Structure formats: structure tokens, C-alpha cells
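Enquirer: would you be able to build a 3D model of this:
(chains A and B)
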Number of protein chains: 2
Amino acid sequence: MQLDDARALDRNDPFADTARLFDLPQGVIYLDGNSLGPPPRPALDALTKAAQAEWGHDLIASWNSADWMGLPLRTGARIARLIGVDETSVIAGDSVSVNLFKLAAGLVMGGAKGVAVERGDFPTDGYVMEGLARLSGTPFTLIEPGAGVAGLPDGHDVLVRSAVHYKTAAKVDIAAEEREAARLGRTIIWDLSHAAGLVGLQLERDGAKYAVGCGYKYLNGGPGAPAFVYCHRDVVESFAQPLSGWMGHATPFAFKDGYKPATGVSRFAAGTPAILSMSALHGALSAFEGLDMAQVEAKARALGDTFLAAIAPLGLETISPPSAQRAGHVSLVHEDGYAVVQAMIAEGVIGDFREPDVMRFGFAPLYLTHAQVFNAGQIMVEIIQSGRFSEPRFGKRNAVT
Amino acid sequence: MQLDDARALDRNDPFADTARLFDLPQGVIYLDGNSLGPPPRPALDALTKAAQAEWGHDLIASWNSADWMGLPLRTGARIARLIGVDETSVIAGDSVSVNLFKLAAGLVMGGAKGVAVERGDFPTDGYVMEGLARLSGTPFTLIEPGAGVAGLPDGHDVLVRSAVHYKTAAKVDIAAEEREAARLGRTIIWDLSHAAGLVGLQLERDGAKYAVGCGYKYLNGGPGAPAFVYCHRDVVESFAQPLSGWMGHATPFAFKDGYKPATGVSRFAAGTPAILSMSALHGALSAFEGLDMAQVEAKARALGDTFLAAIAPLGLETISPPSAQRAGHVSLVHEDGYAVVQAMIAEGVIGDFREPDVMRFGFAPLYLTHAQVFNAGQIMVEIIQSGRFSEPRFGKRNAVT
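Expert: Below is the predicted model of the structure:
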């Protein structure tokens, strides 16, 4: 593959207009949207409006006049379309960790017997289930990577599983897993953190009933953007979750003692939502308006293939699956991976590093072109072949999300 | 009292400079800072910087270069000074509801036998304890208003209690309650939502070990601003809380299976913090720099007295205690309270209403003058005496936080 081939692919890009919503810094090729999406202009505009016109000028009245009260559900409705579910079945708020707790604890309160997470899945999923187990006495077990719902040990009936693995970008066949869960009478809570806004998810069609996901990766909602919860309408009305704060009450402003959950997915609200952060997320989601998520996913995989083609001369090992099973990023192994990533950042190509030796490069289709990605690959080839990553300034390890 | 007396009080105002940090809309007298504080300029500046320079330009690197990683503790340190505790013992994040759950659930995991909340205290406190009780099997009971820690029923050893009541603004004598708790071997979790940033709290001196509080009222952090948790350094290292997300892990970027809490109050972090909202809160807190919180509290009470003097001709019933036991707001009873508050808003005086008949007016000392408060009182007198609140446009009830 040559640069001209990449340019040819860009001529058929269905998202060329979308890219104009992003003002990425000059000279930067941003391959870290899988960790923190950059701001689309509508996100910054919505944030400014929320801060200045709504908070600053209209003050307390904005709870009604700007419909801050409805913002978690309005934001959820925009996310629902991206993950293939009814628009009333998603609410934005809190973090992935807290939302996972709500769903798993609610299942435990409803009679679930034991919870499992695959070893090596995103750590917070296991950490939070450990906490739930300690508090509730429900067994929690780490199972083998890839074991899936069929690998749940005896006495366990709930699996928390990433739809896309944070390290390898391997996609799970959600429909197949849900069929297996139905056959075995087990329940899956999907963590969509590396899938939402990238993969052409069809959760309802595939039989998924419970999911959480992240607002700050492919949804571009801003650092620490509110997360979201999906709960299928067939199960939500009998679902009780223990973080039963006033915003999830049927009548929050009646100020009555005694919790009575709101109708539908609103019962997953807990405390007062972070309106400024959520306004940015709500604005950011407008960048997805009218996009076909299957096309978004297809472009992400194609961009990944362009990158792999550009770096083919290096012969690096990848821990990511081939394009058909891969979502939005590619992970490569290099013993000096940390230094290589730092050297690439110094030359404007931003990826990230995961211990002990994994370099991750994300291919968010809304703002990247094949030509950029090909150039990024060529820069990587030069850096590794020239050995210039071994300069001392690139050597010191440093935590980067 | 006359307007000139109010003006005389303003001539000795120690916070005249602080008021210049706030750009309240022309013609508005804002008496609802007890519900949503208005934006001080440093809050908006910090938000713009976080959104544009940090997120927009420096992207993922800002976790280190802008120290987003340290923002929850840096914000906590600014709050610590306002509540009279060691600056390393507070962390900002999540909501009051979620943070109450962390503290109470942690106490339950540590062996607490039963949890209580006073009837009529802020509803979320009871709602969340109900959820905890359902999940953990620990008894939860609503006790009589004002019963305090001595009123805990047998088999209960934890009380969640507001330091300032959201409806009446009555202050609790924290030191006396903590002495009683120590004598009885019981534990109090303080909800500082209507106290932090207003009352001259000295939690450490008074023996308090656990507290949560709100970022969007007197701290002026913005709608739904992150809340905070305080946990005394003597108990924090053995404290386990079940919302054990990756940001509270000792080494979040090692991505290891198995939760190991971070040292100190950092273990109360759960998921990724809402950086945009928290940046606004961090900026807002700079308005308190160098202020004496005892003076802040004294001015709030004096402002309340000015308002009560101005409306004395109305002879309204108040459910708030006299100024020595009162914090930042005054609550008055009127059967047409909703319409009166709406009519006052129409004339630029913003207060709020709580079912069934309570009008609340808050006196945040950082941006209000005695003259403004006296004028607000006079407007209220005119509205009620003229009966113009009974126009149909003021009659319809509507949820306002």
C-alpha cells in the first residue's frame, strides 16, 4: 500500500463532513480516541451555553427552562440509537464503575447467586464486583479470558463482560453469547466502553438486556464524561437498584420519606447529575446524527488495516485479532513500546501504551482519514527503524490513561 | 430597620471584594444560592481552560500535564479548609447520594449493625440507606426528627445526619453530637450539603470522622457539581468501600486483576471523574481563598436577620430557628407560597419553594449585600400586601430544585 492508495480510500469516505466538526491541533494525528475522544465543536458550544447562558444567566430556573431535569434521558436517547435499543431505555449519568454496581447489585437484590468477570477484562469491572461481593456476600469469581457465559462456575449466574476488549480490541459475538445465556438461564451485563460509538451494535436484536458504557471514548463527551446504563424495557419496571438517590425517585420534589422508583430507566439516576459535563456529552453526540453505525465500524476496521499495511515492514507482533473480529484499535507489542509511543507523540502521532509492552492505536472514523493513518504508520516505521525512540528523553515511564 | 441601616452594615462588609468575582444578571437579587450557587468568574475561566486548552488542545496528555489525575484531591484540599479538616482527608467526586453509600456501606462492611436517618431529613439520605439495607441485609430505620445519635434504636449504630437541615436551616451542634456518639459507641456520617461553604465548620476539632457534602450549593461549583467525601486520617487506612473502581486503586495504570485500595482518601474515588464539572468546582473554590469561614457564617445570619426585619410587617410564620441556631437560609410559611415565590421571581428576587407551603430564601455572603436583601424583603412585602401574587400566571406549580 502507498499513500495514493490511502488517498483513494478517502475519496469514498462517507464521513468527510463529520470531520469538519473537529478542530484537532495542527500537526497532530490523534490515534487515542479509544481512550479520550477529542471535542467536536457542538460539544464545546453546548458546554459554553450550559455554563454561561444557563448556569450564569438563568441560574436555578434552568432546571426547567433548559430542561436540565430531562438531560440524562435526552442524552440517553442519543446513545440508544448508537447501540441499537429503544430510545427510552438508556440514561446517562455517573461513571461506568458506579453504573456497573447498580446493575449487578440490582441483579443480586433480585436473586442472582454469583457474579463473574473474565481475568484480564477491564480492571474496574472486576474491582467493583469484588466490592459488591464483600458487601452483599454474593460470590464473585474471575474466570478464564474468553470463557464467556458458558464458563461461569457452578453457583454463578451473572457475567460482566466487555463487548470489545480494552487491550486487544477483540469483539465479542453478542448475539451468540446471549443465545448461550438464554439457554443456560444466565445473565450478561455488557460493558460497552470500547464499543459504543464505534461498533454497529444492535443490542435489542441480539437479545442483550443490560449494559453500561463510557461517554469519553468514542462518544467524544469530554474527560470523565458521564457514563450510561441500558436496561431493557421488559425488565426495567421490576428492577430495583440500591444507589437509590433522589433523582431516581418517582417524585423527587415531593421530598417524601420512603423511596419509590421512577418509571422506566430513570430509576437508575442517583444523585444530581453533573450538568456541565453532561451538556458537553449531549452536544458531542450530535456529531453522530444521521450516521450509519455499521459504516462507522467498517471505516474503523479499514483504517486499522491501512495502519497495519503502513507498518508491515516492521513485522511487529499484534495482539489484536484480524479486522473481521476487531473493533476500533490495534495493539502492537514492542519491548520498548513505552519509548516508541513517546517518540511518536513527539512527532505528532498520539497513541498510548499499556503495561508491560503494548502500544495501542485507535482509529476513530469520525475525524481520521486513511492518508493520516498511513502517514502515522510511516512515522512509526521511521522511528523504529532509525532507533530514535531510544533517546533518553523517551525512556521514562509515566502514567497516561 | 430602614434601607440606610442595611447600607451601613454593608460599609463594614469584609467580603466586598469577593462579590466582584460574580457577574449576576442585571436586576436579579439571587436568594437561591442554597440550592444552586451562581458562577464566580474563576469557575467559568477554569471550565473554559479545561475544555479548550486541556481537552481540545492537549488532549489525552492533560491527564498528566494539567494534572487531571490529581484534580479530585486538589479540589478536596480546597474544601478541607472550609470544613476544618486536614487537607489530605477530602476527595471530590461523584454525587452526595453515591458518596453517602460509600461511607455507610463501608461502615457496614466493617461491622456496623444498623443505620438510621431522621424522618424529614433530606430525602436522598434515607433513600440511599434503604437501598443499602436491601442489598446488605443491614437494618435501616427512620427515627424522629431531632432525635440525634441518642435516638438510635437498639441494634443501630450509624446515624446519617444533615449538619444543617435543608428545609429549616437549623444547625446541629456537631461537637455535642459527636461527644454523645463517642459515649454511646456510635458513628455519625454528616451530610454537609447545606453547611459547607457557609458554616464555620471545624469537623476535626469537633470529633467528626465521616462526612459528605455538595459542590453546587454554597461552593458555587455549577449544576450537579461533583460532591465530596471526608474521612478522618485515623480511620481511612482501614476503611474499605464497595464502589471500588479503578481510580481508587493503588496502581490504576498497572491494570492488574484484584483490587488494592489507594493510600488515604483516594480510595473513595470510583470511576473516572467528571473533569469538566470538577474543573469548574475547583475554580469556584478559589473565591473562598483567604476568607474566614466564621465571618462568612456570621454575615449569612446577619443577612437573614436583615431580610426578616424587612418583612416583619407581614407577620409570617417561620420554620427556621432564630439566628444563633440558623445557617444560610430562612424558610417562611404561606399557603400561597408557590405563587408568592413565582411573583417575586417575576420581579427579580429569586428564592425557591418546598412542598407544601414553604418559601426558602438563601443568603450567600460572598455576593449579597444587606441593601439587596433589604430590597428583596420590601418587594416581598409589596407583593403579598398588594395581593398581586394571585394573578393566574403565578399559580401553576412546577418543579424547581
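
Enquirer: make it CA atoms for all contacts and neighbour counts henceforth
Expert: Fine.

Enquirer: quick one, domains of chain A?
Expert: A:3-30+A:292-394, A:44-288 (automatic domain parsing).

Enquirer: most tightly surrounded among these?
Expert: domain A:44-288 (a mean of 23; mean count of other Cα atoms under 10 Å in any protein chain shown).

Enquirer: now do the end-to-end distance for it.
Expert: 15 Å (Cα to Cα, to the nearest Å).

Enquirer: for that domain, give the mean pLDDT please.
Expert: What domain A:44-288 shows for mean pLDDT is 97.

Enquirer: just how off-centre is that domain within its chain?
Expert: 11 Å (Cα atoms, centre = their mean, to the nearest Å).

Enquirer: now the strands for chain A?
Expert: A:29-30, A:90-92, A:115-118, A:140-143, A:158-162, A:187-191, A:210-213, A:228-231, A:317-318, A:329-333, A:349-350, A:352-354, A:358-362 (DSSP state E).

Enquirer: gap between residue A:354 and residue A:348?
Expert: 19 Å.

Enquirer: turn the strands of chain A into TSV, columns for distance to residue B:267.
Expert: Formatted as TSV, those follow (distance: least, Cα to Cα, whole Å):
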stretch	distance to residue B:267
strand A:29-30	32
strand A:90-92	24
strand A:115-118	22
strand A:140-143	21
strand A:158-162	23
strand A:187-191	23
strand A:210-213	22
strand A:228-231	23
strand A:317-318	35
strand A:329-333	30
strand A:349-350	30
strand A:352-354	22
strand A:358-362	27
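
Enquirer: now distance to chain B too, for the ones you listed, in CSV please.
Expert: Shown next, in CSV, are those (distance: least, Cα to the nearest Cα, whole Å):
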stretch, distance to chain B
strand A:29-30, 9
strand A:90-92, 13
strand A:115-118, 10
strand A:140-143, 9
strand A:158-162, 14
strand A:187-191, 13
strand A:210-213, 12
strand A:228-231, 12
strand A:317-318, 19
strand A:329-333, 15
strand A:349-350, 9
strand A:352-354, 8
strand A:358-362, 12
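
Enquirer: closest to residue A:262 out of those strands?
Expert: strand A:90-92 (12.4 Å; Cα to Cα).

Enquirer: packing partners of that closest one?
Expert: Packing partners of strand A:90-92 (3 or more Cα pairs under 8 Å, 6 or more residues apart in numbering or on different chains; DSSP states H and E): helix A:71-83, strand A:228-231.

Enquirer: for the shortest one, name the packing helices and strands.
Expert: In other words, strand A:228-231. Checked by 3+ Cα pairs under 8 Å, 6+ apart, strand A:228-231 has strand A:90-92, helix A:96-109, strand A:210-213 packed alongside it.

Enquirer: stretch A:251-258 near chain B at all?
Expert: Yes - applying Cα under 8 Å from any Cα of the partner chain, one finds stretch A:251-258 touching chain B at A:253-258.

Enquirer: can you give me the helices in chain A?
Expert: Remark: helices assigned in chain A by DSSP state H are A:3-11, A:16-19, A:41-48, A:62-65, A:71-83, A:96-109, A:123-136, A:174-184, A:233-236, A:275-285, A:293-310, A:337-346, A:370-386.

Enquirer: and the contacts of the longest one?
Expert: Pointing back at helix A:293-310 there. By Cα atoms under 8 Å, 6 or more residues apart in numbering or on different chains, the residues outside helix A:293-310 that reach it are A:1-2, A:6, A:82, A:197-201, A:323-324, A:326-330, A:362-366, A:369-370, A:373-378, A:381.

Enquirer: keeping just the C-alphas, turn it into CSV.
Expert: Coordinates of each C-alpha in helix A:293-310 appear next as CSV, following Å, rounded to 0.1, in the frame of the first residue of the first chain:
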residue,chain,number,x,y,z
MET,A,293,-23.0,2.8,12.7
ALA,A,294,-22.3,-0.2,10.5
GLN,A,295,-20.4,2.2,8.2
VAL,A,296,-18.6,3.8,11.2
GLU,A,297,-17.4,0.4,12.3
ALA,A,298,-16.4,-0.6,8.7
LYS,A,299,-14.3,2.5,8.3
ALA,A,300,-12.6,1.9,11.7
ARG,A,301,-11.6,-1.5,10.6
ALA,A,302,-10.4,-0.3,7.2
LEU,A,303,-8.4,2.5,8.9
GLY,A,304,-6.8,-0.2,11.2
ASP,A,305,-5.9,-2.2,8.1
THR,A,306,-4.3,0.9,6.4
PHE,A,307,-2.2,1.4,9.5
LEU,A,308,-1.1,-2.3,9.6
ALA,A,309,-0.3,-2.1,5.9
ALA,A,310,1.9,1.0,6.5
